[in-house]
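Novice: sharing a model that was predicted from the sequence below.
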Amino acid sequence: MALDRQRIVAEAVALLDAEGFDGVTMRRLAARLGVQSPTLYWHLPNKAALVTAVADAILDQEFAGMSPPEPDHHWRDWLSNLAERLRRALLAHPDGARVVSAAQLSDTMAAISELAMSTLVAGGVPLRRARVIVLTVERFTVGHVLEEQAPRPDAEALKDFDMAAFTGRHPTVVAAITDYFQPGRTVDDLFRDCLEVVIAGAAVTAGVTS
């Protein structure tokens, strides 16, 4: 099979799935493709370009088709749905949020922002305010997924952890976590609840009341 940019990026996504962000190196990618590392530079000039290409590929899987909301669909609800799609795209791959946050001039991320901002402007939101709202929602979503995908404490780290002492020092934190995660409530609910606060707060702070 001929080596082209599309094949290189597809293999880089597979490498990401297998080894995470830190495992995506030009040397390992070249080895998977059965070529020497310099060969890759004919198609992608550096590691930064590779990361951006992988970010676009990840986002394109969810955002191959984008469209503004229907006339009766309020922009806040539409933007909330967009953020959920962005989270889904990032969670579909290990370290997806790290890849997208490290990307430089991602064309797909720019297209998402373009559609979101133009949608808000069409809904009567001033351009500067639309940018603030969209940027806030995008950064919240990527940051939320960065935390979701961060490594969890292993057994060794938890070996000497004293939960009773921790609860004594932080009773409200523990009570709030316990209260929130009642049976049937998941991290998806947490994201949606936080997102609702972010969008409402961003709109109010930006002076948008409708």
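Specialist: Ah, there it is.
Novice: in this protein, where's the longest helix?
Specialist: helix 127-149 (DSSP state H).
Novice: just checking, what packs against the helix or strand just after that one?
Specialist: Per DSSP states H and E, the first helix or strand lying C-terminal to helix 127-149 is helix 155-158. Contact partners of helix 155-158 among helices and strands, from 3 or more C-beta pairs under 8 Å, 6 or more residues apart in numbering; DSSP states H and E: none. The way it works is simple: take the backbone N, C-alpha and C, and place the C-beta from them, glycine included.
Novice: can I get the least confident helix or strand in the chain by mean pLDDT in CSV? Just the C-alpha atoms.
Specialist: Every helix and strand of the chain was ranked by mean pLDDT, DSSP states H and E. The lowest is helix 155-158, at a mean of 82. Taking C-alpha atoms only, helix 155-158 is exported to CSV below (Å, rounded to 0.1, in the frame of the first residue of the first chain):
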residue,chain,number,x,y,z
ALA,A,155,-3.1,0.5,44.3
GLU,A,156,0.3,1.6,45.6
ALA,A,157,-0.7,5.2,45.9
LEU,A,158,-3.9,4.3,47.7
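Novice: chain center to the next helix or strand after that helix: distance?
Specialist: Downstream of helix 155-158, the next assigned helix or strand under DSSP H and E is helix 163-169. Its chain's C-alpha centre and that of helix 163-169 lie 33 Å apart, by C-alpha atoms, centre = their mean, to the nearest Å.
Novice: then stretch 124-134 to PDB, C-alphas only?
Specialist: C-alpha atoms of stretch 124-134 as PDB (Å, rounded to 0.1, in the frame of the first residue of the first chain):
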ATOM      1  CA  GLY A 124     -28.700  37.900  18.200                       C
ATOM      2  CA  VAL A 125     -25.500  37.600  20.300                       C
ATOM      3  CA  PRO A 126     -22.900  40.300  19.600                       C
ATOM      4  CA  LEU A 127     -19.800  38.900  18.000                       C
ATOM      5  CA  ARG A 128     -17.400  39.700  20.900                       C
ATOM      6  CA  ARG A 129     -19.800  38.100  23.300                       C
ATOM      7  CA  ALA A 130     -20.300  35.100  21.100                       C
ATOM      8  CA  ARG A 131     -16.600  34.500  21.000                       C
ATOM      9  CA  VAL A 132     -16.400  34.700  24.800                       C
ATOM     10  CA  ILE A 133     -19.200  32.200  25.200                       C
ATOM     11  CA  VAL A 134     -17.900  29.700  22.600                       C
END
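Novice: list the buried residues of that stretch.
Specialist: Neighbour counts over stretch 124-134 (16 or more other C-beta atoms under 10 Å) mark 125, 129-134 as buried.
Novice: got it, and stretch 19-33?
Specialist: The neighbour-count check on stretch 19-33 (16+ other C-beta under 10 Å) flags 20-21, 24, 26, 28-30, 33 as buried.
Novice: could you do stretch 95-104 as well?
Specialist: Going by neighbour count (16+ other C-beta under 10 Å), the buried part of stretch 95-104 is 95-103.
Novice: show me which of the residues you listed is closest to Ala110.
Specialist: Each of these was scored against Ala110 by C-beta to C-beta, and Ala103 proved nearest at 10.2 Å.
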